[in-house]
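**Student:** just to be clear, the model below is a prediction. Sequence and coordinates:
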Amino acid sequence: MDNPANSTMTDADDIDEGLYSRQLYVLGHDAMRAMAKSSVLVLGCDGLALEIAKNIILAGLRSVSIYDPAPATMSDLSSNFYLSESHISGKTPRAHACIDKLASLNPYVSVSVFDQPINLAEPDPSVLAAFAVVVMVNQPFAAQRAVDAICHKSDIKFISVSARGVFGSIFCDFGPSFTVTDATGEQPKTVLVSAITKESPPLSPV
């Protein structure tokens, strides 16, 4: 499939407010416009990686590329809901086995398999340069460090996540130029609901 770097960028002002209405209320238009310009590479396609890919595709990024040449195994069926026994018998690479269903989630997002070989121990910076964000899922620690070093130097946002049974970890490196746009840094206000009434007209808050 086509490399997302060659795809046409989504018009940042052309946001389907009907499709993304709830997300717009939470994130705002500026964040949605930034997301609509972003290309993400997900390294891995196990159960956790599939859940991450599904969520970011539904969120409305410009493009999502999946890299995982490893063939599907029986253990994958316990967490990857897009895999079946037919993928195991055919020794289908996990990324290829899942890509059609992932692509069907959101027609606004370019979803593809990244087939260019990647040496995670010594990654080529030019391979990662096409992406704004790289997400590594359940990869060896040495590979995480190698990829993060390139991403940090190249101002590519880096996220690494791992799940080990009931335990998990996440690491984020958004680079030296990352800017926090929260103007106040204040915690959102919370209110406890102590009672619900059917009075009409409703009672005014105290």
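**Tutor:** Perfect, thanks for sending it. As the structure is a prediction and not an experimental result, all values here were calculated from the model. Numbers count the residues shown, from 1 in each chain.
**Student:** please make it C-alpha for all contacts and neighbour counts, starting now.
**Tutor:** Fine.
**Student:** now do the helices in this structure.
**Tutor:** 21-27, 29-36, 47-59, 85-89, 94-103, 125-128, 141-154 (DSSP state H).
**Student:** pick the most deeply packed of these.
**Tutor:** Comparing those by mean neighbour count (mean count of other Cα atoms under 10 Å), helix 94-103 comes out on top with a mean of 20.
**Student:** can you give the contact residues for that helix?
**Tutor:** With Cα atoms under 8 Å, 6 or more residues apart in numbering as the test, helix 94-103 has contacts from 44-46, 53-54, 57, 66-72, 82-83, 87, 109-113.
**Student:** kindly report the same for stretch 37-54.
**Tutor:** By Cα under 8 Å, 6+ apart, the surrounding residues in contact with stretch 37-54 are 4-5, 9-10, 12, 61-68, 76, 78-81, 94-95, 102, 105, 130-139, 163.
**Student:** pull out the buried residues from those residues.
**Tutor:** For the contacts of stretch 37-54, a burial check counting by 16 or more other Cα atoms under 10 Å picks out 4, 10, 61-68, 76, 80, 94-95, 102, 130-138.
**Student:** now intersect those with the strands, please.
**Tutor:** Of the buried ones among the contacts of stretch 37-54, the ones assigned to strands by DSSP state E are Ser63, Val64, Ser65, Ile66, Tyr67, Val133, Val134, Val135, Met136, Val137.
**Student:** redo those as TSV? Include distance to Ser38.
**Tutor:** TSV is the format used below for these (distance: Cα to Cα, whole Å):
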residue	distance to Ser38
Ser63	7
Val64	9
Ser65	11
Ile66	15
Tyr67	17
Val133	7
Val134	11
Val135	13
Met136	17
Val137	19
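**Student:** for the chain, give me the ranges with low pLDDT.
**Tutor:** By pLDDT under 70, the low-scoring segments of the chain are 1-14, 203-206.
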